[in-house]
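J.: Below: sequence and its predicted model.
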Amino acid sequence: MRRQGKILVTGTTGTAFRATMRAARIHEYGGPDVIRYEEVPVPVPDPGQVLVRVAATSFNPSDAALRAGHLQDVLPVDLPYTLGFDVSGTITQAGVETSSFTVGDRVIGRLDHGGAAAEYVAASADVLAAAPKAIGLANAAVVPVAALTAYQAVHEHAHLTAGQRVLINGAGGGVGMFAVQLAKRTGATVIATASPRSVTAVRARGADQIIDYTSTSIAGALDDTVDTVINLAPITPTAAAGLVPLVRPGGVIISIATPVQPPAGAPITAVHFLARNDPRQLTEIVKLIDAGELTVEVSRSHRLADLALVHGEHQAGQAKGKVTIIP
Ligand SMILES: NC(=O)c1ccc[n+]([C@@H]2O[C@H](COP(=O)([O-])OP(=O)(O)OC[C@H]3O[C@@H](n4cnc5c(N)ncnc54)[C@H](OP(=O)(O)O)[C@@H]3O)[C@@H](O)[C@H]2O)c1
């Protein structure tokens, strides 16, 4: 629960204070085997930060990209580095100058600098939101990165409205889980692509039409152009170019993965964006979850000690749905 007023609590709750904890860290960039499960000091919250006892983090493709060293230009980090952008957990300690939360509050958040693949993480209170009550705290760890990205795609970039037609390419993944539901809520007609393993889930999310991208040409399956394409799939540049003719003149293509570059002069707006943390939007998302208007699916849970296995599955193309990682 959010509390008003300034909280100056510096102690801990009933949890005995621990000097060390287990964390999944990398000391160098590389394949999944660079992830080490090791004993490290429990972080001490700075002013404005809280210490969160982690219920779970979740796997995102960006965790793998960072581990592999592909994000060094956009997100330089100091090594050794503790993985984990998504967090759900309980505040056990609040440093000075934290006004929004207090010890015992259950929170979720997207941590721009990671650190949630651990038993505890120190996080700025400003980046957190109260956790949903309608789902388990650990399951709530799949929400921040994926749902914020979907929310920003649907509402800030696509500006979807009732009566529009949207094609969501890559609807079977973690971001797709939220994008299909949020797009459907606007009153738009949602056409989604999914492979056979994800068709049932994408249908349950509310898609009006599903195209199996593994066996069917998307262009051939559409009976008309769409107002908007939202691409959530890491496709080839050629496949990305193939999405352009699907959009009506004056329409929009948004991508969070492979950028789409319409030919010069094409009357189409193309947007490629990096999602950002936004606790106000996260609070809106939590309200939808608690109202039963947004469903959260967790495909599997793994122990933190097995994080390298989860990265390995992703690298082998065997990952499916959202996975929670439990310390
Ligand atoms: N820009 C940003 O801020 C941002 C934020 C979050 C994620 N991302 C990126 O966005 C992408 C999706 O993220 P995610 O968390 O949803 O990943 P995810 O859970 O791994 O889902 C990706 C989905 O893409 C689908 N897919 C794969 N190849 C496809 C193809 N050729 N055509 C259509 N669909 C295809 C798969 O669906 P099926 O199960 O149906 O096969 C898969 O489930 C990743 O590349 C991620 O790095 C970017």
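T.: Looks like it came in fine.

J.: Which parts of the stretch 201-327 of the chain are strands?
T.: Secondary structure of the stretch 201-327 of the chain by DSSP state E, counting those that start in this stretch: the strands cover 209-211, 226-231, 247-255, 269-272, 300-303, 323-326.

J.: How about the last one, which residues are buried there?
T.: Along strand 323-326, the positions that meet the burial threshold by neighbour count (16 or more other Cβ atoms under 10 Å) are 323-325. The way it works is simple: take the backbone N, C-alpha and C, and place the C-beta from them, glycine included.

J.: Repeat that for the third one.
T.: Buried residues in strand 247-255, counting neighbours by 16+ other Cβ under 10 Å, are found at 247, 251-255.

J.: And the pLDDT at the closest residue in space to residue 199 that isn't next to it in sequence?
T.: Spatial nearest neighbour of residue 199, excluding adjacent residues (Cβ to Cβ, 6 or more residues apart in numbering): residue 210 at 5.6 Å. For residue 210, the model assigns a pLDDT of 98.

J.: can you check residue 18 too?
T.: pLDDT, residue 18: 76.

J.: one step back: okay, the strands of the stretch 201-327 of the chain in JSON lines with distance to residue 219 next?
T.: Shown next, in JSON lines, are these (distance: least, Cβ to Cβ, whole Å):
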{"stretch": "strand 209-211", "distance to residue 219": "10"}
{"stretch": "strand 226-231", "distance to residue 219": "11"}
{"stretch": "strand 247-255", "distance to residue 219": "11"}
{"stretch": "strand 269-272", "distance to residue 219": "18"}
{"stretch": "strand 300-303", "distance to residue 219": "34"}
{"stretch": "strand 323-326", "distance to residue 219": "33"}
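
J.: Would you format these as TSV with distance to the ligand included?
T.: Shown next, in TSV, are these (distance: least, Cβ to the nearest ligand atom, whole Å):
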stretch	distance to the ligand
strand 209-211	9
strand 226-231	8
strand 247-255	8
strand 269-272	7
strand 300-303	12
strand 323-326	9
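
J.: quick one: the residue nearest to residue 155 when sequence neighbours are not counted from residue 153, how far?
T.: Computed as Cβ to Cβ, 6+ apart, the closest residue to residue 155 that is not its neighbour in sequence is residue 182, at 7.3 Å. Using Cβ to Cβ, to the nearest Å, we find residue 182 at a distance of 8 Å from residue 153.
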